[in-house]
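> How does the following fold in three dimensions:
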Amino acid sequence: MAKELVRSRKAVTRLLENRATLDALDMQIADSLRNYRLSKTIKASGEMMKTMNKLVKLPQLQNTVKEMSREMEYAGFVSECMNDAIDAAVDREDYDELADEAVDQVLLEICGDTLSEAATVPLAKVKTLERKEKDMEADDDELMRQIIAGEI
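A predicted model of the protein is given here:
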């Protein structure tokens with residue numbers, strides 16, 4: 001029985017060694033397969049790059065990019081000039097004064113003396129109305145603060 005026990009242990013040891021060898025072979029085969037697939041992919045990539053180099057003419061592409069850059073710069077310059085001209089036309093300081101004078105002249109022509117009488121509203125009355133408007137704004141602000149604070 002002792003001999004059989006020794007033989008079975010040796011058999012187990014041999015089986016474990018064979019299993020380790022088979023596992024190592026399996027890993028080598030898997031590694032070889034991965035390398036083969038990688039080499040095929042790299043080959044295909046190289047062929048694709050070769051085809052792309054034939055299709056893309058670098059000097060022509062550079063000229064196209066330079067021309068496009070010049071046209072974009074020109075378009076930006078024209079756009080900037082147009083914006084400056086529009087801003088200069090609209091932002092005239094005397095523009096508002098001229099507009100007010102034109103409106104006053106048209107109103108005077110249309111309304112005549114009635115408008116001149118309306119222009120003589122007492123200054124005290126105007127100030128009272130302005131004060132009431134400010135008070136209403138303050139009340140509105142206070143109400144809004146209370147709403148936000150959750151007091152209402």
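> how far away is L55 from M1?
Distance from L55 to M1, counting by CB to CB, to the nearest Å: 80 Å. From N, CA and C alone the C-beta is placed, and that goes for glycine too.
> Quick check: what element follows the lowest-mean-pLDDT helix or strand in the chain along the chain?
Between all helices and strands in the chain, the lowest mean by mean pLDDT, DSSP states H and E belongs to helix 113-118, at a mean of 60. With elements assigned by DSSP states H and E, the helix or strand that comes after helix 113-118 is helix 123-149.
> Show the average pLDDT along that following helix.
Averaged over helix 123-149, pLDDT sits at 79.
> can you pull out the helices in the chain?
Counting by DSSP state H, the chain has these helices, from start to end: 2-55, 58-90, 93-111, 113-118, 123-149.
> I'd like a version of these in TSV, one that adds mean neighbour count as further columns.
Formatted as TSV, these follow (neighbours: other CB atoms under 10 Å):
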stretch	mean neighbour count
helix 2-55	10
helix 58-90	10
helix 93-111	10
helix 113-118	10
helix 123-149	10
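> Least reliable of those by average pLDDT, please.
helix 113-118 (a mean of 60).
> domains of this protein?
1-56, 63-120, 121-152 (automatic domain parsing).
> what's V56 sitting at in phi/psi?
Dihedral pair for V56: phi -90, psi 120, per degrees, to the nearest 10.
> Tell me the spacing between it and K50.
11 Å.
> same deal with I42?
13 Å.
> got it, and K134?
With CB to CB as the criterion, K134 and K50 are 80 Å apart.
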